[in-house]
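> fold the following, please.
(one chain, ligands or ions: 1)
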Amino acid sequence: MMPERWSLAGKTALVTGGTKGIGAAVVQELCALGARVVAVARSERDVQEGIAAWRSAGYDVHGVVADVATASGRIQAVDAARAQWGMLDILVNNVGTNIRRKTADYTAEEYDTIMNTNLRSTFEMSRLCYPLLKLAGRACIINISSVAGVTHLRTGAVYGMSKAAIVQLTRNLAVEWASDGIRVNAVAPWYIHTPLADTVLSDDAYCAAVIERTPMRAIGNPEDVAGAVAFLCMQPSAYITGQCLCVDGGFSANGF
Ligand SMILES: NC(=O)c1ccc[n+]([C@@H]2O[C@H](COP(=O)([O-])OP(=O)(O)OC[C@H]3O[C@@H](n4cnc5c(N)ncnc54)[C@H](OP(=O)(O)O)[C@@H]3O)[C@@H](O)[C@H]2O)c1
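Numbering: from 1, shown residues only. Take a look at the predicted model:
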């Protein structure tokens, strides 16, 4: 028997970007631990297919087709959780994107796309969900950052800036909302096999360089991140807030 403190039975969760990669693995993991989930993504077909697969596995998942980089999309997503449950135990801000450029080459539009999708969505979703999380009594937010927000990576400055800002937002919200019973933590992955990362990992030389730089000599899987997210949602992590947990095969510990 699983001890109750290692369970999410009956908990309610909103996961942004829940149809692919890390977000899909998070939905799967939270459901397997007993949570009910609202999963958000832009592609209607992917949302429908995801919901059908999860429901056929016996999971309680609702889908919302919305773009959380926009104000109306965020309201749509949070309204769906409010309509389902009237409160929220868990918010996972997972949506993120990147455009790789030399710093001098970014256009203003590209800067806005990365910042709106990664940072603004995390900031605004957290604020919109705050009243629902407060109602839960004991709730948590998990923000998906990146090791690009902890140290330099070749992924471009704007992505790194957005992910570093997410780590600082995590600290600020953790302190500000601790008295409301809301814990706020971040998870910072290194390379993980997902549709987003596989576009660069398909370059064999690049992939080999990534593996060579990783002490555990492997690319991560979405489940590796989902496990860390689930831990930070559960009772055993009840005294942890304001932290950023790297899921990186030792990458961020690897000096020379
Ligand atoms: N994979 C890695 O190596 C890695 C490493 C470090 C950090 N991360 C971070 O982990 C998070 C997930 O990355 P991933 O690799 O799993 O990405 P992914 O494979 O591209 O999946 C992204 C998911 O988010 C949805 N999505 C994207 N933009 C959205 C928007 N504006 N509104 C609503 N849904 C949206 C996508 O569905 P639709 O396209 O249908 O909307 C999809 O379900 C990101 O924050 C990323 O920066 C990833």
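
> a helix runs through residue 160, doesn't it?
Yes. Assessed by DSSP: H, G, I helix; E, B strand; the rest coil, residue 160 belongs to a helix.

> spit out the contact partners of the closest residue to it other than its chain neighbours.
Closest residue to residue 160 apart from its sequence neighbours, by CB to CB, 6 or more residues apart in numbering: residue 148 at 4.4 Å. (C-beta placed from N, C-alpha, C; glycine too.) For residue 148, the contact set (CB atoms under 8 Å, 6 or more residues apart in numbering) comprises 155, 159, 160, 163.

> got the residues you listed as JSON lines, with neighbour count columns?
Output for the contacts of residue 148, formatted as JSON lines (neighbours: other CB atoms under 10 Å):
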{"residue": "155", "neighbour count": "18"}
{"residue": "159", "neighbour count": "22"}
{"residue": "160", "neighbour count": "21"}
{"residue": "163", "neighbour count": "28"}
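
> make TSV from those and add pLDDT to it.
Output for the contacts of residue 148, formatted as TSV (pLDDT from 0 to 100):
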residue	pLDDT
155	92
159	98
160	98
163	98
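
> and these, which is closest to residue 79?
residue 163 (27.7 Å; CB to CB).

> ok, and the closest non-adjacent residue to the closest one?
Closest to residue 163 by CB to CB, 6+ apart is residue 149, at 2.9 Å.

> may I have the lengthiest strand in the chain as CSV, with CA atoms only?
Assignment by DSSP state E gives strand 182-189 as the longest strand of the chain. This file holds the C-alpha atoms of strand 182-189, laid out as CSV (Å, rounded to 0.1, in the frame of the first residue of the first chain):
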residue,chain,number,x,y,z
ILE,A,182,0.8,28.0,-1.2
ARG,A,183,4.3,26.5,-1.8
VAL,A,184,6.0,27.6,-5.0
ASN,A,185,8.9,25.7,-6.5
ALA,A,186,10.7,25.4,-9.8
VAL,A,187,12.2,22.5,-11.8
ALA,A,188,15.1,23.2,-14.1
PRO,A,189,15.6,20.4,-16.7
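
> now residue 66: how far from residue 18?
As judged by CB to CB, to the nearest Å, residue 66 and residue 18 stand 11 Å apart.

> who has more neighbours out of these two?
residue 18 (32 against 21; other CB atoms under 10 Å).

> against the ligand, how distant is the more buried one?
With distances taken as CB to the nearest ligand atom, to the nearest Å, residue 18 is found 6 Å from the ligand.

> for that residue, give its distance to residue 29.
In this view, residue 18 and residue 29 are 11 Å apart by CB to CB.

> the longest strand of the chain pairs with which strands, parallel or anti?
Based on DSSP bridges, the pairing partners of strand 182-189 within the sheet are strand 139-144 (parallel), strand 244-247 (parallel).

> and the ligand, which of these is closest to it?
Closest to the ligand of these, according to CB to the nearest ligand atom: strand 139-144, at 4.4 Å.
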